[in-house]
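**Student:** Sequence first, then the predicted structure:
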There are 2 protein chains.
Amino acid sequence: MPGPIQSLSRAASILRLLAGGERRLGLSEVATSLDLAKGTAHGILRTLQQEGFVEQDPESGKYQLGAELLRLGQSYLDVHELRARALVWADDLARASGETVYLGVLHQRGVLIVHHVFRPDDTRQVLEVGSMQPLHSTALGKVLLAYDPVARGELGEEPLESYTSRTLTDLASVDEECGLTRERGWADAVEETWEGVASIGALIQDRRRNPVGAVCISGAVERVCEDGFVRPSLVASVRSAARAISRDLGAGRF
Amino acid sequence: MPGPIQSLSRAASILRLLAGGERRLGLSEVATSLDLAKGTAHGILRTLQQEGFVEQDPESGKYQLGAELLRLGQSYLDVHELRARALVWADDLARASGETVYLGVLHQRGVLIVHHVFRPDDTRQVLEVGSMQPLHSTALGKVLLAYDPVARGELGEEPLESYTSRTLTDLASVDEECGLTRERGWADAVEETWEGVASIGALIQDRRRNPVGAVCISGAVERVCEDGFVRPSLVASVRSAARAISRDLGAGRF
DNA sequence: CACTGCGGTCGACAATGTCGACCGCCTGTC
DNA sequence: GACAGGCGGTCGACATTGTCGACCGCAGTG
């Protein structure tokens, strides 16, 4: 039976639809959005609701995501080996660099943040674990593009979105950047996604040298850069952290 | 068709199974655990994998939860109205009390933490958003038991688990405690789940006075308590925060 | 080199999910 | 206040769809 289970795929689509729309959605909206009969959509929603993946506002009858997803998402983090091994190294990197640290893995057409260390002694920040970042305009993304063929494959269908005036929006430039990344072993992104923010990232690989994720620091361009280039000392810190995590992952095997 | 969709329920069971077990599980383990034919389990797992809800270790072939769950869990938080409105009040409460603040909602047989403010100026702490706490031995749980009939209904099947020597393990005592909670409008739990930790919680209700969650502070018993009782000033802070959040929720309507 | 376990596939079968018409309710409108 | 139009939800016939258990190839093991 090498084919996906129809009802499951549809349920997943419904969940993604609910996750995408900001507000709650009604049964009919869901059904028409996904070209389903109302009865079918209702059956799936009812089951998802019973299982806790979806909640229904008793007042309006509209649907939204359910609490069980949060619980399972947390469980995912608990099991995540890369994250577990990287926790302490990320902390060290944040302390050493004085900047925010992100740990990301490839997920669909972007980078999923699986760990986030706040910049030490900074103002209040929002935890970004679970959010996504673009591939072509962040240090994490460029690292994955450079080393993970799957990531590169995800690109090259739709045109690249532009976020600032410095975003690379054509594939050739991005590929060139990836070549540079492979040559020197690290990637940067200076104001390519957010104005005023620069980041430096390096690859994490497992025991068999497969790319499994990336680590980066991210901070105000005034602090991270100097004379228009990222500070070499920060690059060294990031690369050393990435090597440490990779070694840690390998160590689990022997 | 008032019946759950079989394949979906089974998929949910598989996800829960994977979330429960610490380690990755093989296809056969999954199939036998849930009394499914191997082919059936495989079909569901394959679909879940395609959708990103499950990942397969390419080396061992074993399955674990997938990244999409983390993303969806994050989306759940984004949409969560109670959480959005409570953010700023929780911050204030943490600052005023100097203790850790939790925001929880009823989920299944426990309290799901949907927001967590670290204790100001404390050592490194672990974010507990997405984790569960017991109903009968925490301030959050007691509040929900006292005011939410559904929560009370979740109890009273299996015997209550004991965590410390001060955990209330018989239903009568818990009910008595709930009565007290309703009388005075707040609940406490002193070393009933974790040694050395005391917490104080109060109810959050929506515009129609329905219980929707609870807020609490939690900290070392030496700081939270005085002469064997929780400090009245902290109780006042918690109740005032709960009222503020409730008012905020109501304000959305008018 | 059989043996045993694994993950994965296959095809027949009927249980299962799907579909579109239908229901009752609420809301807004004229 | 009758009506229309939308909502969420239900129903039952139909055939698509997921299910089952036997089977396959492989890897580790004695």
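**Tutor:** Cool, the structure landed.
**Student:** can we go C-alpha only for contacts and neighbour counts from here?
**Tutor:** Noted.
**Student:** can you give me the helices for the stretch 1-150 of chain A?
**Tutor:** Remark: helices assigned in the stretch 1-150 of chain A by DSSP state H, counting those that start in this stretch are A:6-20, A:27-33, A:38-51, A:67-79, A:81-97, A:139-147, A:149-154.
**Student:** what angle separates the longest one from helix A:67-79?
**Tutor:** I take that to be helix A:81-97. 70 degrees (axes from the mean of the first three to the mean of the last three CA atoms, to 10 degrees).
**Student:** Could you do the third one as well?
**Tutor:** Using the same axes, to 10 degrees, the interaxial angle of helix A:38-51 with respect to helix A:67-79 works out to 60 degrees.
**Student:** What helices and strands are in contact with helix A:38-51?
**Tutor:** If contacts are counted by 3 or more CA pairs under 8 Å, 6 or more residues apart in numbering or on different chains; DSSP states H and E, helix A:38-51 sits against helix A:6-20, helix A:27-33, strand A:54-56, helix B:6-20.
**Student:** Also the fourth one?
**Tutor:** Secondary-structure packing of helix A:67-79 (3+ CA pairs under 8 Å, 6+ apart): helix B:6-20, strand B:63-65, helix B:67-79.
**Student:** tell me which residues of that helix are tucked away?
**Tutor:** A:A67, A:E68, A:L69, A:L70, A:R71, A:L72, A:G73, A:Q74, A:S75, A:Y76, A:L77, A:V79 (16 or more other CA atoms under 10 Å in any protein chain shown).
**Student:** Can you tell me which of those lies closest to B:G20?
**Tutor:** A:S75 (7.9 Å; CA to CA).
**Student:** Flag every residue of chain A that's near DNA strand C.
**Tutor:** With CA under 7 Å from any atom of the strand as the criterion, chain A meets DNA strand C at residues A:M1, A:P2, A:Q6, A:S7, A:R10, A:L36, A:A37, A:K38, A:G39, A:T40, A:G43, A:I44.
**Student:** Can you report how many residues lie near the third one?
**Tutor:** Neighbours of A:Q6 under the rule other CA atoms under 10 Å in any protein chain shown: 11.
**Student:** Check it and give its pLDDT.
**Tutor:** Looking at A:Q6, its pLDDT reads 91.
**Student:** what would the residues of chain A next to DNA strand C look like in CSV with distance to DNA strand D?
**Tutor:** As requested, the residues of chain A next to DNA strand C are arranged in CSV below (distance: CA to the nearest atom of the strand, whole Å):
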residue, distance to DNA strand D
A:M1, 6
A:P2, 9
A:Q6, 3
A:S7, 4
A:R10, 9
A:L36, 11
A:A37, 8
A:K38, 6
A:G39, 4
A:T40, 7
A:G43, 7
A:I44, 10
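**Student:** Whichever of those end up buried, select them in PyMOL.
**Tutor:** Those of the residues of chain A next to DNA strand C that count as buried under 16+ other CA under 10 Å are selected in PyMOL with:
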select buried, chain A and resi 7+10+43+44
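**Student:** Can you list the buried residues in the longest helix anywhere in chain A?
**Tutor:** As assigned by DSSP state H, the longest helix anywhere in chain A is helix A:232-251. Going by neighbour count (16+ other CA under 10 Å), the buried part of helix A:232-251 is A:234-235, A:237-239, A:241-249.
**Student:** contacting residues for the closest residue to A:Q49 other than its chain neighbours?
**Tutor:** Once flanking residues are discounted, A:Q49 sits nearest to A:E55: 5.6 Å by CA to CA, 6 or more residues apart in numbering or on different chains. Neighbour list for A:E55: A:Q49, A:Y63, A:Q64, A:L65, A:G66, A:A67 [criterion: CA atoms under 8 Å, 6 or more residues apart in numbering or on different chains].
**Student:** Over to A:A242?
**Tutor:** So A:A242 contacts A:A202, A:L203, A:I204, A:A214, A:V215 (CA under 8 Å, 6+ apart).
**Student:** so when I look at the second one, I'm seeing a strand, right?
**Tutor:** The reference is to A:L203. Yes. A:L203: assigned to a strand according to DSSP: H, G, I helix; E, B strand; the rest coil.
**Student:** Which single residue in the stretch 51-200 of chain A comes nearest to DNA strand D?
**Tutor:** Of all residues in the stretch 51-200 of chain A, the one sitting closest to DNA strand D is A:G61 (4.5 Å; CA to the nearest atom of the strand).
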